[in-house]
Each structure stands twice: as structure tokens, then as C-alpha cells.
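J.: From the sequence below, what's the structure:
(2 chains)
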Amino acid sequence: MRKIFYLIACMPVILWGCGDAGVQSDVSKNIEIDPISVQLSVPAIAVGVLVPQIPPISVNTGQINLGSDDFDEYLEDTERFTINKMSYTIDNFPAGSSADLVIDMTIQIQGESSQDLLSIRIDNVQNNPVNVLLFDKDAPGLVSTAAIASLEQALKNGTSFQVEMTIVGEDVTLQSQDVDFDFIFQFDVTARIQLLD
Amino acid sequence: MKKTILILFAACFLALTPNMTKAQGLDFDSFLEAGIDDASLLLESYLQPAFEGFGFGMNSGWYNTAKPHKFLGFDISGSISLARVPDSNQFFTLPTGLTNVSLTNPSDTRRLPTIFGPNLGADDLPELRFTDDNGDEIIRISAPTGLGIDEDIVPFNAVPVPMIQLGLGIFKGTELKLRYIPEQDFEGDGGVKLFGIGVMHDVTQYLPAEKLLPFDLSVFLGYTNLESYVNIDEAAGQTAEFNANAWTVQGVISKKVLFFTAFAGLGYSNSNVDFNMLGDYSTETSTFTDPISLNYKNAGIRTNIGVRIKLLFLTITGEYAIQEYNTLTAGVGFSFR
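T.: Residues are numbered from 1 along each chain as shown, chains lettered A, B, ... in the order given. Here you go, the predicted model:
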């Protein structure tokens, strides 16, 4: 009887609502990954001198788990993840120095082998470009769609991944032997949430 | 606090269906991040038909004849009223005055479903963008979908309002009607109490040749009050409170032929519904106390027609009320004298 009273109070519409179809919603976030510290170096003798090319360096994002870290409360009801956009920002490249960068990016999903993601060239990194689009789902360009699909599956599985970058500096002029700057990834991600009664 | 995906349906008592709120994509934290004023505006528009419909429904089902019971005659009846949500209230446009909520795509001309709108998939819902006071994006969420009630149970979107009441004949062509549910506590989940009182008085007794009149004619005045709450998080002192008051005054006419009684009424109805979220709610940056307070008032002319079938003591009633939310009521009861 108490339950009946409760239902009276609770407007039984809620029990009718949605039916077998359940309800669906998208939750999207633009997530900025912790900055990756990058150091370009030249021999002391080359400080202030234009260097055509410096040896490649390798950096990575460290383990990222967007699914668990940023969509934890939705994860169990998420039907799929979609990576809408990837972009990058260069920060703190010191004034006076200059360089172009050629970057090969791979992703390495935990427990899996690395996959090529894309190669880009950043001219005039000293301009500290902000929010430069790397990937747009509506115009994937040269980005490996297979790698993106793997990333989306990793998000759904709650599996971590890292982005590895091999960076080659070209036309480099540094005002000190070592120049440090930050490379920041942004992922725009949508979780499609589907709940059934 | 991250798991505090509540509300939206707090009015409909989320505590029963926490998944529903998550499904709506309505993260209450995010709403609050957008500011109390924005959260209130959004919820007010989204929930409007639920509360308004409930108010209209509460004023239905009071009577099924204009003839009051004889002295100590009585009836017990139960009814369910379906307050049909007008098409215009199945969608809403994003309210003006929002500061931290906007359409992700400003040129998106689609309207947002209210809670009694259709149940749309994420691809068919406009996306809302929530920003902080600095204009930085916090999150983007599909606009909350409607429940799509008309797709499953009834052929139209309606707010159901069940009711149970007692009618008692007292004196001089007067009948007292009582709606009452004593305060109920649902083991920490919530509680409810209901009280309503109505008076029907025969006016044909004041007319000349009353015995010759081929119909019954009465005036009716009824008042209903519902108070309920749900504990969103009892330990944190978070509660959703829903209080509704409704009253109606009607002239009622009826004519009995064999075991059929046709009746009609004309009058005025009024409802006042409050919905409050009480307690402290914390976001990543702020704590809000009693963040949501919504009030819905409605009043207007109410006309109804209906029919009652009486088989010995059993009564079966159907009624249709024409008002802003046209209301269909079906009832069954037992009537003596």
C-alpha cells in the first residue's frame, strides 16, 4: 500500500516514460592533455646560428585515459566514443629563437603495438601557435582513420594510450644551447550514452 | 559530487530512476557550473508541462453528478486524470537571459523538447554548451529529451494524476468531499501527504418549482494540497521538494436517465505548484545552497462534460475537461444513497 501511495506522489509518468527505446544523449568535452615538455638542443658552437636540421628527439604524452578520467560517470552506459577533433598548442617557445618542426605521431594503446597517426610540419614554431587543428572527423585529411578508430575503441574500453612523437627540428636558430617549450594536445571527444529501461 | 547526476526529473522523483537523469545527459553539476540562474531558467522551461499539467489534473475528478448524496449517503472513488500537454508545450526555445548556457551551434533552429515532448535520439537534439564565468567551455550536452509518452502508453502526451476520494452527504443538499493520504515516509527515500476538501451544494432547492426541474444543479468548490519530497542524498541533506495547491469553483448540472448520468460543469480553476531543491550542492568551484526554486501558477476557465454509469453501487465515470491542458478523467467507485 505504501508503494501505491508513493506512486501517486511520484507522478507515475516516470514509470511510463521512454519505454523500450530508452533515452540517448551525447556528452562532449574538449580535453586538454598535460603539456609535453620538449627540448631542442644544438651544440654550443651553433648557438645563434641557423642549423638546417637537428637530430630527431622522441617525446610522448605519457599514459592518457580519457574514458576513465573524464567520462567515468558515463562510461558504463556509453555506447561509443567519437573523437571529433584533435588539436595542438605550442606554448612557451622563447622569443628570439626559431625553428620549424617535422613531427611523426604514433599512438600506442596499452597492450597493443604502435600505429601511425599522422605526420605534420609546423613552420615557425616560435609563433607559439594555439589550437591548431590536427584532425577533424568531418575532414580526416591525412590522419589514419584506423588509428582514430582504435583510439575510440580504447576510450570505450577504458584503456589508456599514449601519443609518441618523433620531432625533427629544421631551420633551427636557438639563442641558447637548449630551448624548452610545451606541446599541448587537445582532444574533443563525445560519449554517446544510451540507456534502456 | 561527480556522481550527483540528479535532478531534472527530481520533480518526477529521480530517486526512483537515477539512470533516467543520467540518460537525459543532464549533469546537475554542470547545470550549477553554469550558474543558479541559468539552471533555474532551463529547468523551469523543461519541466513546465509536468507541473502545470499536474495542477490541472488535480482539479479533475471531483464529481460525477450534480446531485449531492442524501444525508449520510457516501461514495468512495478512485480516478486517474490525464492532463493533455498542448502541442505548444512539447517544445521550448532556449530561454532568454541565459548567461553561461548557449546552443553549441547558434544557427541551430531546432527547439528543445520539454519533459513531455518526444523522446528524441541524440542526433535529433540540439546541443547545449555550458561555460564558466570566464566563458571557458565546461561541457557540451545534448538537450534533454522528452519522455515520449505518446509513443508507448497513450496516444497523446499527458500528465497522469491519480486520485482517491470520499464523498459524504451531510445536510440540506450538501455533500462534503475529502481527499486524504496521511503523511507517508518511504524508508528514507521520500514522503508524501495529500489533503483535499470539496463542497457540493444543491441550488435547485432555492429555485421555484424545483421538483419540476428536469435536471440537478449544484455549485462546487474544491481544494487539493499535495506535499511531497524525495531525498536525493539523505546523508548530504539534499532533498527535492514538490508542493502543489489547486482549487476550483464550478457550477455543475446533471441529468440522470436510467443508470446513466450525464453531467457538465463550468467554472474557474487555479493551481500553484512549487518545486525546490534544498541542501548544499557542490561543484568543482562553488557550493550552492537551496539552488533551485521554481513556481508555476495557472488559472482560467474550466469546462467539463462527463458521464457516469451506475450499476447498483458500482459507478464508472468518464469526464473531459476543456482548459489549457484538456484533461481526460476515468474513475471507478462505489456509491450509496
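J.: who in the stretch 151-300 of chain B is up against chain A?
T.: Proximity of the stretch 151-300 of chain B to chain A, by C-beta under 8 Å from any C-beta of the partner chain, involves residues B:151-154, B:159-164, B:181, B:184, B:186, B:189-192, B:194, B:226, B:228, B:230. All C-beta spots, glycine's among them, are computed from the backbone N, C-alpha and C.
J.: okay, and for chain A, where does confidence drop off?
T.: Residues of chain A meeting the criterion pLDDT under 70: A:1-21, A:197.
J.: There's contact between residue B:79 and residue B:162 in this structure, I believe.
T.: Yes - counting by C-beta atoms under 8 Å, residue B:79 touches residue B:162, with 7.2 Å between them.
J.: more crowded one of these two?
T.: More crowded of residue B:79 and residue B:162, by other C-beta atoms under 10 Å in any protein chain shown: residue B:79, with 22 against 17.
J.: Confirm that the more buried one sits in a strand.
T.: Yes - counting by DSSP: H, G, I helix; E, B strand; the rest coil, residue B:79 is part of a strand.
J.: who does it bridge with?
T.: Counting by DSSP bridges, residue B:79 forms beta bridges with residue B:163, residue B:331.
J.: For the helix or strand encompassing residue B:220, list the C-alpha coordinates in PDB.
T.: Per DSSP states H and E: residue B:220 is located in strand B:216-233. The C-alpha coordinates for strand B:216-233 follow below in PDB (Å, rounded to 0.1, in the frame of the first residue of the first chain):
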ATOM      1  CA  ASP B 216     -29.900  18.700 -11.000                       C
ATOM      2  CA  LEU B 217     -27.900  21.800 -10.500                       C
ATOM      3  CA  SER B 218     -25.200  22.500  -7.900                       C
ATOM      4  CA  VAL B 219     -22.300  24.600  -7.100                       C
ATOM      5  CA  PHE B 220     -19.000  23.000  -6.200                       C
ATOM      6  CA  LEU B 221     -15.800  24.300  -4.500                       C
ATOM      7  CA  GLY B 222     -12.800  22.100  -4.200                       C
ATOM      8  CA  TYR B 223      -9.300  22.500  -2.800                       C
ATOM      9  CA  THR B 224      -6.400  20.000  -3.000                       C
ATOM     10  CA  ASN B 225      -2.900  20.200  -1.500                       C
ATOM     11  CA  LEU B 226      -0.100  17.800  -2.100                       C
ATOM     12  CA  GLU B 227       3.200  17.900  -0.300                       C
ATOM     13  CA  SER B 228       6.000  15.500  -1.100                       C
ATOM     14  CA  TYR B 229       9.700  15.200  -1.100                       C
ATOM     15  CA  VAL B 230      12.500  12.900  -2.200                       C
ATOM     16  CA  ASN B 231      15.800  12.500  -0.600                       C
ATOM     17  CA  ILE B 232      18.300  13.000  -3.300                       C
ATOM     18  CA  ASP B 233      21.200  12.300  -1.000                       C
END
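J.: partners of that strand in the sheet?
T.: Applying DSSP bridges to the sheet, strand B:216-233 is found paired with strand B:190-202 (antiparallel), strand B:238-257 (antiparallel).
J.: List the buried residues for it?
T.: Across strand B:216-233, burial judged by 16 or more other C-beta atoms under 10 Å in any protein chain shown covers B:216-232.
J.: now stretch B:129-142
T.: Those would be B:129-131, B:138-142, for stretch B:129-142 by 16+ other C-beta under 10 Å.
J.: Could you pull out the helices in chain A for me?
T.: Under the criterion DSSP state H, chain A contains helices at A:2-9, A:13-16, A:66-70, A:145-157.
J.: Check which helices and strands the longest one is in contact with.
T.: Counting contacts by 3 or more C-beta pairs under 8 Å, 6 or more residues apart in numbering or on different chains; DSSP states H and E, the secondary-structure elements packed against helix A:145-157 are helix A:66-70, strand A:78-91, strand A:98-109, strand A:115-122.
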